[in-house]
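S.K.: below are the sequence and a predicted model; questions follow.
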Amino acid sequence: MNILVTGGAGYIGSHTCVALLEAGHSVIVADNLCNSKADTLDKVKRITNKEITFYEIDVTDEAAVDRVFSNHHLDGVIHFAGLKAVGESVEKPIAYYYNNIVSTLVVVKICQEYNVKRFVFSSSATVYGDNTVPFVETMNLLPTTNPYGETKAIGERILTDIAKANPAFSISLLRYFNPVGAHESGLIGEAPNGIPNNLMPYISQVAKGKLKKLRVFGNDYSTVDGTGVRDFIHVVDLAEGHVAALDNITEGVHIYNLGTGQGTSVIELVKAFEEANGIEVPYEIVDRRPGDIASCYADASKAKRELGWTAKHDVKSMCRDSWRFEKNYKE
């Protein structure tokens, strides 16, 4: 199939491009490079020895998106493009609501105009709010604790309403947890512009000496060691989950958690990184971060049952792959 990947030069998007190409699909990428670099796609080509068509556009721009659709016969869309940092969303709610919601509206509108019926949406476990763990797809969604989560919940509602109005539309809403790791080649991984908002690249940059120490936001949660507990999933497993969702998509709306089903605390992840790579990661405890919750991990049994997908990598392999990429990475 010919698949448009919005945000395809980003961290999860680029790994999904690799998985799509290796599965035999053709890939067209649209990305404004606000938190990614174009040369990432060159590395995807090196890994797969296959070509990608790239458009440097903002997918909130309806005319630009229309040009992409008019230039290609598309069979489906995987929609990643969006701002994604919980803490930043609390500080910049307008940017998050505009970018994440308008981009979804524009892309799905053009899909309808060109009769593209397969749509895989990059959602998030944050839509569950401060619910009871493990999170299950049938749960009632609670108000989320940050604007980022709200944009994902609104996106899900928009797509669900569109599917109700258009029964032939096929939508997968993928609620995933905390992607970490990198491709085993060491060529692509998480390389945010500026100071990282996510935990693993921050750990890697501290280990490399680029940053002085890791800030751990709070150690007074009701968890195993007081620090936040998350379901860390290897980005390659996550990418393969997107391909499984695309390949198995049917009419209507389908919701899947993509996670390992195991919770790991921030301190446990730091210790795993140190053990896996033989390097010390200095850290300090600071105040809790607005918008964070204590524990967040998945019940991923539905994805296994309906998509035949499970996460294969353990935490130490995530840490080893992250560090391999960081050591190789040059600005």
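M.R.: Nice, thanks for sending it over. Numbering: from 1, shown residues only.
S.K.: show me the helices in the stretch 101-250 of the chain, by range?
M.R.: Ranges of helices within the stretch 101-250 of the chain are 147-165, 199-208, 235-247, based on DSSP state H, counting those that start in this stretch.
S.K.: deepest-packed of those helices, please.
M.R.: For the helices of the stretch 101-250 of the chain, the largest average neighbour count (mean count of other C-beta atoms under 10 Å) is found in helix 235-247, namely a mean of 24. The C-beta positions use only the backbone N, C-alpha and C, and glycine is treated the same way.
S.K.: hmm, who's touching it?
M.R.: 1, 3, 11-12, 15-16, 18-20, 23, 25, 76, 78, 118, 120, 172, 174, 176, 179-184, 189-190, 254, 256, 258, 260, 303, 307-309, 311-313, 321 (C-beta atoms under 8 Å, 6 or more residues apart in numbering).
S.K.: so for the least confident helix or strand in the chain by mean pLDDT, what gets flagged as buried?
M.R.: One helix or strand of the chain scores below all others by mean pLDDT, DSSP states H and E: helix 86-91, with a mean of 88. Neighbour counts over helix 86-91 (16 or more other C-beta atoms under 10 Å) mark 86-90 as buried.
S.K.: tell me which strands and helices that helix is in contact with?
M.R.: Identification of packing neighbours for helix 86-91 by 3 or more C-beta pairs under 8 Å, 6 or more residues apart in numbering; DSSP states H and E yields helix 147-165.
S.K.: tell me the mean pLDDT for the helix it packs on?
M.R.: The pLDDT scores in helix 147-165 average 96.
S.K.: ok, and what's touching it?
M.R.: 82-86, 88-90, 93, 96-97, 100-101, 104-105, 108, 112, 119, 121, 123-124, 126-127, 129, 141, 143-144, 169-171, 173, 252-253, 255, 291.
S.K.: give me the distance from that helix to the chain's centre.
M.R.: Relative to the centre of its chain, helix 147-165 is centred 16 Å away, using C-alpha atoms, centre = their mean, to the nearest Å.
S.K.: Arg320 is in what secondary structure piece?
M.R.: Taking DSSP states H and E as the criterion, Arg320 maps to helix 315-328.
S.K.: what's next to that helix, contact-wise?
M.R.: For helix 315-328, contacts defined as C-beta under 8 Å, 6+ apart pick out 180-184, 186-191, 200-201, 203-205, 207-208, 232, 234, 236, 264, 268-269, 272-273, 275-277, 279, 313.
S.K.: buried subset of the contacts of helix 147-165 as a PyMOL selection?
M.R.: Only the buried members of the contacts of helix 147-165 enter the following PyMOL selection, criterion being 16+ other C-beta under 10 Å:
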select buried, resi 82+83+84+85+86+88+89+90+96+97+100+101+104+105+108+119+121+123+124+126+127+129+141+144+169+170+171+173+253+255+291
